[in-house]
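>>> Any chance you could fold what I've pasted below:
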Amino acid sequence: MAPRWTCGIGDCDAAFDDVESAIVHQTNEHQRHECKVCGTIVPDGYFAIRHAFDEHTRAEFVRAYDADSAAVRRREEIKGDIESEADLQRVVEELDRGV
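This is a model prediction of the structure:
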């Protein structure tokens, strides 16, 4: 069976069997992202998407990133897919251990 989760940052095509490993990879292996709305530095990938949509309005995201509604919907889908499956406590524990 092929891995279900891919990194998706830039041209990185690292693949993982579980979403938690993908998030840990994004956090540890890629440069941080500076939010164009508020300047906060966050890990790229899931955590950047989560920050954008939990901390800012969709309109702020669209303006700051010159995005359209399709880009917003795609990121909301990614966030929803991850949050419906991920054990985020496991992610935090792995990151704390330096995995």
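
>>> Any regions of this structure where pLDDT drops low?
1-3, 99 (pLDDT under 70).

>>> What ranges does it have for its helices?
Here the chain has its helices, by DSSP state H, at 19-29, 46-55, 58-65, 69-85, 88-97.

>>> Could you pull out the buried residues of the fourth one?
The reference is to helix 69-85. 72, 75, 79, 82 (16 or more other C-beta atoms under 10 Å). For glycine as for every other residue, the C-beta is placed from the backbone atoms N, C-alpha and C.

>>> Need these in JSON lines (columns: distance to residue 96).
What follows is the buried residues of helix 69-85, written out as JSON lines (distance: C-beta to C-beta, whole Å):
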{"residue": "72", "distance to residue 96": "32"}
{"residue": "75", "distance to residue 96": "26"}
{"residue": "79", "distance to residue 96": "22"}
{"residue": "82", "distance to residue 96": "19"}
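
>>> Pick the one among these closest to residue 54.
Closest approach between the buried residues of helix 69-85 and residue 54, by C-beta to C-beta: residue 79, at 8.8 Å.

>>> Contacts only, for that closest one.
Counting by C-beta atoms under 8 Å, 6 or more residues apart in numbering, residue 79 makes contact with 46, 49, 50, 53.

>>> Please repeat the previous calculation with a cut-off of 7 Å.
49, 50, 53 (C-beta atoms under 7 Å, 6 or more residues apart in numbering).

>>> With residue 34 instead?
Neighbouring residues of residue 34 by C-beta under 7 Å, 6+ apart: residue 41.

>>> Much appreciated, bye for now.
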